[in-house]
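[1] this one's structure only:
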């Protein structure tokens with residue numbers, strides 16, 4: 001089984017948290033629905049099968065990330081990552097780039113949708129921008145070639161800020177009923 005997308009997704013989530021809140025060597029809990037985990041692994045699995053798959057993955061990652069505990073209630077999984085994982089991700093990933101710039105603009109009061117889109121365009125000329133009609137978001141933005149980042153970002157103006165939600169393509173399609 002190919003665990004690379006799962007590893008990348010967990011790394012991105014933790015790195016984003018570190019950018020927003022600052023790095024602290026701490027235990028982290030991440031929550032995933034079974035459907036999202038199946039999409040990241042590219043294979044439909046029952047909750048019991050997923051527990052086994054995650055056990056194998058985290059055993060392979062234990063040297064870098066320490067021990068991880070996996071639990072689930074129904075189809076909702078909790079991944080409890082050792083403080084070693086946050087330390088490893090902080091030390092092994094860049095401390096600059098697209099996500100840093102995006103978070104900086106997002107935390108700026110008065111930032112506009114155009115300011116957020118400009119961050120994408122700073123990193124690539126191939127940026128998809130689509131206004132969303134009748135949705136909870138104003139604009140869908142992503143890198144067309146997926147080279148810088150292969151996630152889809154839904155932007156929304158809210159009380160003087162622009163907020164964003166980041167989705168894998170598969171999660172976005174599931175959310176939007178595609």
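    Sure, I can see it. Since we're looking at a predicted model, the values are computed, not measured.
[2] any chance you could map the strands in this protein?
    Here the chain has its strands, by DSSP state E, at 28-33, 68-73, 76-81, 127-131, 139-143, 152-158, 161-167.
[3] Comparing these, which comes out most buried?
    strand 139-143 (a mean of 21; mean count of other CB atoms under 10 Å). To be clear about C-beta, it is placed using only N, CA and C from the backbone, and glycine gets the same treatment.
[4] about what we covered before: of the strands of the chain, which is nearest residue 20?
    The closest approach between residue 20 and any of the strands of the chain, judged by CB to CB, belongs to strand 161-167 at 11.4 Å.
[5] Give the partner strands of that closest one in its sheet and their orientations.
    strand 152-158 (antiparallel) (DSSP bridges).
[6] which residues does residue 106 contact?
    Taking CB atoms under 8 Å, 6 or more residues apart in numbering, we find residue 106 in contact with 116, 161-164.
[7] Redo the residues you listed as TSV? Include distance to residue 96 and pLDDT.
    Below are these laid out as TSV (distance: CB to CB, whole Å; pLDDT from 0 to 100):
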residue	distance to residue 96	pLDDT
116	18	97
161	23	85
162	21	92
163	22	93
164	19	95
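[8] before we move on, back to that, for the strands of the chain, give me TSV that also has distance to residue 100.
    Formatted as TSV, the strands of the chain follow (distance: least, CB to CB, whole Å):
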stretch	distance to residue 100
strand 28-33	19
strand 68-73	26
strand 76-81	22
strand 127-131	18
strand 139-143	16
strand 152-158	15
strand 161-167	14
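[9] mind checking which of those is nearest residue 111?
    Smallest distance to residue 111 across these (CB to CB): 5.1 Å, for strand 161-167.
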